[in-house]
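> output the structure for:
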Amino acid sequence: DWSDTNHFKTSSGTADIKDVFSTTLYAGNDGTQSITSGIDNTSKSLVWIKSRTNSRDHYLYDTLRGVNNYLRSNDTGGSDTATSLTAFNSDGFDLGNYPFINSINENFVAWNWKAAPGFFDIVPFTKTSGRMAVPHSLGSVPGMMIVKNLENTFPVDGDWYVYHKDLTDNTYTLKLNETDAEESNSGVWNAEDPTATEFIVGSSLTTNNKYVAYLFADTPGLIKCGTYTGDDTSSHPISCGFKPGWVLIKNTIFGSDWFVMDAERSNMTLRPNEADGEADAAYGWTGFDNDGFVVRGNNPNFNASGNTYIYVAIADPTTTTYYDELNTRAVSQHELVRRFGVDADTTNLRNQGIYPLVNQPTGTTEAFVKEGDAYRAIPNRSMEVFQAQQEADAANERLDDANEALETLRVDFEARLLKLEGKQPRGKKKDD
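Okay, here's the model as predicted:
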């Protein structure tokens, strides 16, 4: 929401993307090391690690299961342990000498989520009945959910069940560990859609087993759970409403792999259902643009004519922001591209009231202060504090004016007094 005070914004509480998601590249060292992801992992968070160089499993760690406890997205096994991710830190995480995530002469990628309303949540639960309602803290209706059994006792439903709002209906599911197309199985979600407070699981999940659920929101400008239809063209742009920094894509009607791309690895792809190292974009992935991403060709992985695809896209945390002086709010570069049809990074839009920000807005409250030919975002300032500061500044100006007027009166009074006494103020000669 925007106050009546110019240059002041109070947000609705939506997360700042750079505080809740990051992609970090690092090299293994066969020893121990601390990885700085920029994410505070001291509360509810998820770290997903994959070797870019070699064929190794995907390793997923979350703070609710604790350090050294991993799941593998390309495997049906339950939660297992090894001296691997040894600490969750306030700005990243620590690694042990576990070769699958820290081998020397090997490059890795780590995707790091922090739970936040309107963005992401982690929900552990124990299945207790045929139909079970599971409460969550996402604060909005999930656009996608991934549910995994943590048990290693067989027989067990070890698949990674995926709900997405754009599957055929709520009786359908995908499996993150498989290439299968969507399949009808009403026993997974009990043929019920999730709500802003809970989701439903059904008889396909094993009673008395422990599970973890990863929930992804669908929040404009932050995270998008969407769908598109392939068109077999050389350039097929998909609009997300923002510039993504990470995307997960799956063909829903054809047996094909899942694909993850991020802005840090250029146009290279990884497959959550396979252990292979990263590959180039020969499958039909072109890359990100300021409003979404671009696919191409007729490969069923990305753009086969008439095929339906689902995706999750997360905003790029490095997106440049600007200040819209006329509408008194911060705006993103990709929003300006949509509005004006030009790249604000290379085109001067000050005649349209658009000024660069010298820093990125942070926190839930911002005051914007002009500095020369740009603006600065002042974080974590409440409206009361900001207005009180404005009032204090104005009071100081009035006090300065009053002191100046008082000094003028004093000098005038002194001059008049000396004249009455037949004297002249110092530095003047008496009149003849």
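> rest of the way, CA atoms for contacts and neighbours
Noted.
> against residue 268, how distant is the residue nearest to residue 76 when sequence neighbours are not counted?
Distance criterion Cα to Cα, 6 or more residues apart in numbering; nearest residue to residue 76, sequence neighbours excluded, is residue 158 at 4.4 Å. Distance, residue 158 to residue 268, using Cα to Cα, to the nearest Å: 29 Å.
> please apply the same query to residue 340.
Per Cα to Cα, residue 340 is found 31 Å from residue 268.
> among the two, which residue is more densely surrounded?
Legend: neighbour count by other Cα atoms under 10 Å for residue 340 and residue 268, higher for residue 268 (21 against 11).
> quick one: contacts for the residue nearest to residue 76?
Contacts for residue 158 were tallied using Cα atoms under 8 Å, 6 or more residues apart in numbering; they are 76, 77, 78, 148, 149, 150.
> try it again at 7 Å.
76, 77, 78, 148, 149 (Cα atoms under 7 Å, 6 or more residues apart in numbering).
> helix/strand/coil for it?
Three-state assignment for residue 158 (DSSP: H, G, I helix; E, B strand; the rest coil): coil.
> where do the strands of the stretch 201-350 of the chain begin and end?
Shown for the stretch 201-350 of the chain, the strands assigned by DSSP state E, counting those that start in this stretch span residues 210-216, 223-229, 236-239, 244-251, 258-262, 285-289, 292-295, 308-315, 321-324, 329-332.
> what would these look like in a markdown table with mean neighbour count?
What follows is the strands of the stretch 201-350 of the chain, written out as a markdown table (neighbours: other Cα atoms under 10 Å):
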| stretch | mean neighbour count |
| --- | --- |
| strand 210-216 | 21 |
| strand 223-229 | 22 |
| strand 236-239 | 18 |
| strand 244-251 | 24 |
| strand 258-262 | 23 |
| strand 285-289 | 21 |
| strand 292-295 | 22 |
| strand 308-315 | 23 |
| strand 321-324 | 24 |
| strand 329-332 | 20 |
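> least reliable of those by average pLDDT, please.
With a mean of 76, strand 329-332 has the lowest mean pLDDT of the strands of the stretch 201-350 of the chain.
> packing partners of that one?
On a contact count with 3 or more Cα pairs under 7 Å, 6 or more residues apart in numbering; DSSP states H and E, strand 329-332 meets strand 321-324.
> quick one on the thing from earlier: taking the contacts of residue 158 one by one, which sit in strands?
When DSSP state E defines the strands, the subset of the contacts of residue 158 inside them is 148, 149.
> picking that back up, for the residue nearest to residue 76, give its distance to residue 123.
Distance, residue 158 to residue 123, by Cα to Cα: 17 Å.
> how about residue 407?
Applying Cα to Cα, the value for residue 407 to residue 123 is 69 Å.
> ok, back up a step: identify the farthest-apart pair in the contacts of residue 158.
By the measure Cα to Cα, the contacts of residue 158 have their two most distant members at 77 and 148, which lie 9.5 Å apart.
> out of those two, which sits in the more crowded spot?
residue 148 (26 against 21).
> ok, and the closest non-adjacent residue to the more buried one?
residue 160 (5.0 Å).
> go ahead and confirm that neighbour touches residue 145.
No. Applying Cα atoms under 7 Å as the test, residue 160 and residue 145 come out as separate, 10.0 Å apart.
> tell me which of those two has more neighbours.
More neighbours surround residue 160 than the other of residue 160 and residue 145, with 24 against 21 (other Cα under 10 Å).
> got a list of contacts for stretch 193-209?
Outside stretch 193-209, the residues touching it (Cα under 7 Å, 6+ apart) are 126-142, 149, 151, 157, 170, 187-190, 192.
> quick one: the strands in the stretch 1-150 of the chain?
Under DSSP E, counting those that start in this stretch, the stretch 1-150 of the chain gives strands at 8-10, 21-27, 33-36, 45-51, 59-62, 69-70, 80-81, 85-89, 92-95, 107-114, 120-126, 132-135, 144-149.
> flag the shaky bits of this protein, pLDDT-wise.
Low-confidence segments of the chain (pLDDT under 70): 1-15, 154-156, 281-282, 319-320, 333-335, 337-338, 360-366, 379-387, 423-432.
> one more time with 50
Filtered on pLDDT under 50, the chain yields the residue ranges 1-13, 363-364, 381-383, 432.
> would you mind finding the longest helix in it?
helix 383-420 (DSSP state H).
> from residue 313, how far off is the nearest residue to residue 316 once chain neighbours are set aside?
Nearest residue to residue 316, sequence neighbours excluded (Cα to Cα, 6+ apart): residue 245, at 3.8 Å. Per Cα to Cα, residue 245 is found 8 Å from residue 313.
> again, but for residue 33
Applying Cα to Cα, one obtains 30 Å for the distance of residue 33 from residue 313.
> returning to that earlier point: now the longest helix of the chain, how far from the centre of its chain.
The chain centre lies 50 Å from the centre of helix 383-420; the measure is Cα atoms, centre = their mean, to the nearest Å.
> and what of stretch 289-302?
Stretch 289-302 has its C-alpha centroid displaced from the chain centroid by 21 Å (Cα atoms, centre = their mean).
> use 22 as the first number for this chain going forward.
From this message on, residue numbering opens at 22, which makes the last subject stretch 310-323.
> pull the residues that contact it.
So stretch 310-323 is contacted by 253-265, 272, 277-278, 304-309, 324-326, 355 (Cα under 7 Å, 6+ apart).
> end to end, how far does that stretch reach?
Its first and final residues considered, stretch 310-323 spans 16 Å by Cα to Cα.
> could you do stretch 150-157 as well?
Stretch 150-157 has an end-to-end distance of 18 Å (Cα to Cα).
> so which residues make contact with it?
When contacts are defined by Cα under 7 Å, 6+ apart, stretch 150-157 is touched by residues 144, 211, 218, 219, 220, 221, 222, 223, 224, 228.
> which strand residues bridge the fifth one?
Right, residue 220. On the basis of DSSP bridges, residue 220 is bridged to residue 155.
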